[in-house]
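S.K.: sequence? don't have it. structure:
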């Protein structure tokens with residue numbers, strides 16, 4: 001075709017009379033448009049003008065198409081404006097030109113102008129306008145265009161049907177997209193792909209998989225694009241079985257080395273928790289790895305709590321010269337937050353600033369959460385204040401930080417600040433708010449917020465909100481009110497709700513209600529020893545040792561494992577784990593000596609061991625010894641040996657801190673003049689100068 005173009009060009013420019021051959025000139029312009037030879041097209045246009053052959057509407061339409069396809073919209077607009085006569089082809093060329101060059105609003109404006117001038121809309125003009133509506137999210141305009149499509153008799157045209165389906169899907173009106181899809185008399189792979197992609201983007205993952213299966217049954221050609229969308233649905237649903245089948249199809253059709261397919265497979269295996277397969281795919285595609293594949297594998301390691309591998313992969317990413325994006329940082333910082341890895345989190349914060357992602361609302365919110373979960377809520381507040389326009393995620397995160405630190409009043413103030421800014425609270429907001437009220441003993445406030453959820457804010461309470469109210473009432477000792485609340489719930493409490501109620505019954509010594517809660521919890525989670533242990537503790541408080549032994553025999557006979565208590569600290573980029581029994585450490589002797597020294601010091605200023613907190617039939621001397629070696633105290637003793645004096649000690653614990661350790665740590669903060677932070681399973685305790693931030697209410 002290029003040789004033909006050159007010959008035709010020589011004929012035209014060599015012999016003037018050839019310029020009068022409109023069909024030959026049009027063919028040449030069309031060739032230039034297809035090959036995007038803008039310079040030659042301009043030369044031909046100039047030759048026509050200089051030769052006195054003012055292009056007719058027919059040739060001008062071809063020139064409009066040439067300039068549009070070459071991205072020269074300024075030339076297109078000038079030529080269009082100077083045309084003495086226009087037809088529907090002229091208008092269509094302008095509309096499609098604007099749409100294909102991403103100038104969607106101008107495409108819509110031109111379409112409206114065309115309608116005002118009474119020109120009939122073509123199939124291509126309508127399709128281009130629908131593409132513009134899809135990209136701009138203008139569902140109302142798109143619906144009006146749909147009416148015009150039907151009126152013009154194009155409703156059954158596959159090309160326009162595909163664009164209608166795409167428009168409704170991208171605007172989030174999936175039912176209407178489905179209706180258009182179903183009404184199409186024939187469907188090609190493009191329409192099927194658009195429909196599946198629409199389902200995925202709108203979160204209808206099950207429907208996406210059903211559509212793919214129907215597509216296969218109908219014998220429609222499967223390409224890499226539909227496989228990619230279907231793999232995304234498998235990722236969201238953790239449907240690894242179907243995902244593996246799709247992997248076989250990918251290999252069968254030879255798509256395994258397509259970068260975006262490799263990324264989709266890596267993400268699918270990562271989301272399904274199959275990190276071996278994810279890593280294998282990642283290694284196979286080593287030549288075409290990009291930020292998407294790296295982030296997918298990092299996110300997989302994060303979800304599996306393999307933070308060291310996630311961080312190692314991040315280092316590999318940087319060695320490959322690939323720049324991380326906001327999703328990479330969000331995933332890694334989330335991992336540091338969940339495991340309270342302050343050192344790593346702080347280093348990532350530095351990287352976030354370096355790559356200018358500190359202004360990203362999602363990254364900033366994750367940093368707010370990370371510092372909060374590492375015990376430094378003052379850092380969280382500072383970071384939140386630096387966010388220019390915090391979104392609902394940032395506000396919810398700050399409410400959650402205050403809740404976890406037991407600062408209920410601050411959580412309430414933040415909630416009202418969010419409302420004042422015009423942001424609408426959601427389910428997450430109220431979970432955090434109710435937790436804050438629960439940890440601060442703000443019963444009346446918590447109940448008011450719960451009952452206002454649907455009435456004032458239009459948020460329907462879910463299981464987790466009811467569980468928070470059970471915790472709120474039970475924690476304050478209102479066990480009768482808690483039972484009444486449970487009886488009036490629209491559904492049975494979940495495991496967390498019954499566990500909260502059982503824990504409250506244990507603290508306040510209500511044996512009968514504890515039996516009820518334990519029975520319910522055992523039915524929900526028969527393999528969980530927690531219910532047996534808590535009920536055993538209730539019996540132990542009543543000194544019913546036979547019942548205690550019976551329950552512990554049940555735990556043993558049922559092969560249920562009691563969760564061992566342990567604490568850990570991060571010092572010098574290393575995690576040091578301590579348990580009540582069977583722990584080893586190179587400085588074990590020095591740690592024991594420090595513990596003994598601390599015991600003498602705190603006893604001298606009034607500490608008395610709370611041996612009644614050991615709910616076992618043993619001598620008080622043995623109980624005192626047992627308390628002395630609780631894991632959180634061992635961790636604090638080691639931190640006092642290893643941490644600089646000016647540094648706050650931060651200890652993490654997998655169970656609730658016991659009353660005696662809570663008392664001892666208050667005294668230790670006095671004698672050592674150190675700030676100590678303990679994060680237990682439900683909240684933070686800040687010990688300083690002999691007092692705790694929880695006010696002894698936890």
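M.R.: Received the coordinates, thanks. Computed from a predicted model, the values in this text were never measured in an experiment.
S.K.: now the helices for the stretch 301-450 of the chain?
M.R.: Secondary structure of the stretch 301-450 of the chain by DSSP state H, counting those that start in this stretch: the helices cover 307-319, 326-338, 342-354, 361-373, 377-386, 392-404, 408-420, 427-439, 443-457.
S.K.: Now do the first one: which elements does it pack against?
M.R.: Okay, so that is helix 307-319. helix 291-303, helix 326-338 (3 or more CB pairs under 8 Å, 6 or more residues apart in numbering; DSSP states H and E). Where C-beta positions appear, they are placed from N, C-alpha and C, glycine not excepted.
S.K.: Report how many residues lie close to residue 444.
M.R.: Summarising burial for residue 444: neighbours were counted as other CB atoms under 10 Å, giving 9.
S.K.: Apologies, that question was intended for residue 145.
M.R.: Quick note: residue 145 (other CB under 10 Å) scores 24 neighbours.
S.K.: swap in residue 370?
M.R.: Residue 370, neighbours per other CB under 10 Å, totals 30.
S.K.: OK, contacts around it?
M.R.: Contacts for residue 370 were tallied using CB atoms under 8 Å, 6 or more residues apart in numbering; they are 333-334, 336-337, 345, 349.
S.K.: quick revisit: take the helices of the stretch 301-450 of the chain and lay them out in CSV including mean pLDDT.
M.R.: Putting the helices of the stretch 301-450 of the chain into CSV (pLDDT from 0 to 100) gives the following:
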stretch, mean pLDDT
helix 307-319, 92
helix 326-338, 94
helix 342-354, 93
helix 361-373, 95
helix 377-386, 94
helix 392-404, 96
helix 408-420, 96
helix 427-439, 96
helix 443-457, 96
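S.K.: which intervals of the stretch 201-350 of the chain have sub-threshold pLDDT?
M.R.: By pLDDT under 70, the weakly predicted segments of the stretch 201-350 of the chain are 286-287.
S.K.: circling back: closest one to residue 245 out of the contacts of residue 370, please.
M.R.: For the contacts of residue 370, the closest approach to residue 245 (CB to CB) belongs to residue 334, at 30.7 Å.
S.K.: was I right about the closest one contacting residue 303?
M.R.: No. Distance between residue 334 and residue 303: 9.4 Å, which falls outside the contact criterion (CB atoms under 8 Å).
S.K.: circling back to that earlier point, of all the helices of the stretch 301-450 of the chain, which lies closest to residue 686?
M.R.: Closest to residue 686 of the helices of the stretch 301-450 of the chain, according to CB to CB: helix 377-386, at 8.8 Å.
S.K.: So which elements touch the closest one?
M.R.: Under the contact rule (3+ CB pairs under 8 Å, 6+ apart), helix 377-386 is packed against helix 361-373, helix 392-404.
S.K.: switch the cut-off to 10 Å
M.R.: For helix 377-386, the elements it packs on are helix 342-354, helix 361-373, helix 392-404, helix 408-420, judged by 3 or more CB pairs under 10 Å, 6 or more residues apart in numbering; DSSP states H and E.
S.K.: Walking through the stretch 501-650 of the chain, point out its strands one by one.
M.R.: Taking DSSP state E, counting those that start in this stretch as the test, the strands found in the stretch 501-650 of the chain are 566-571, 574-579, 649-653.
S.K.: and residue 678, backbone torsions?
M.R.: phi -120, psi 120 (degrees, to the nearest 10).
S.K.: Check the contacts of residue 370 and tell me the two furthest apart.
M.R.: Greatest spacing in the contacts of residue 370, by CB to CB: 334 and 349 (13.1 Å).
S.K.: Now tabulate the helices of the stretch 301-450 of the chain in TSV and tack on distance to residue 518.
M.R.: Compiled in TSV, the helices of the stretch 301-450 of the chain are given as follows (distance: least, CB to CB, whole Å):
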stretch	distance to residue 518
helix 307-319	35
helix 326-338	29
helix 342-354	37
helix 361-373	31
helix 377-386	35
helix 392-404	27
helix 408-420	29
helix 427-439	21
helix 443-457	24
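S.K.: Residue 629: which of those helices is closest?
M.R.: Closest approach to residue 629 among those (CB to CB): helix 342-354, 26.1 Å.
S.K.: Now the closest one: buried residues?
M.R.: Within helix 342-354, the residues that qualify as buried by neighbour count (16 or more other CB atoms under 10 Å) are 342, 344-346, 348-349, 351-352.
S.K.: Likewise for stretch 254-263?
M.R.: Neighbour counts using 16+ other CB under 10 Å place 255-256, 258, 260-263 of stretch 254-263 among the buried residues.
S.K.: Over to stretch 414-431?
M.R.: Within stretch 414-431, the residues scored as buried using 16+ other CB under 10 Å are 414-415, 418, 423, 425, 428-431.
S.K.: Nearest to residue 105 among those?
M.R.: When these are compared for distance to residue 105, the smallest value, 28.4 Å, is given by residue 423; criterion: CB to CB.
S.K.: What does the closest one show for phi and psi?
M.R.: Its backbone dihedrals place residue 423 at phi -90, psi 140, with angles given as degrees, to the nearest 10.
S.K.: wait, isn't it in contact with residue 390?
M.R.: Yes. Judged on CB atoms under 10 Å, residue 423 makes contact with residue 390 at a distance of 8.5 Å.
S.K.: so what sits against both of the two?
M.R.: When CB atoms under 10 Å, 6 or more residues apart in numbering defines a contact, the residues bordering residue 423 and residue 390 alike are 396, 417.
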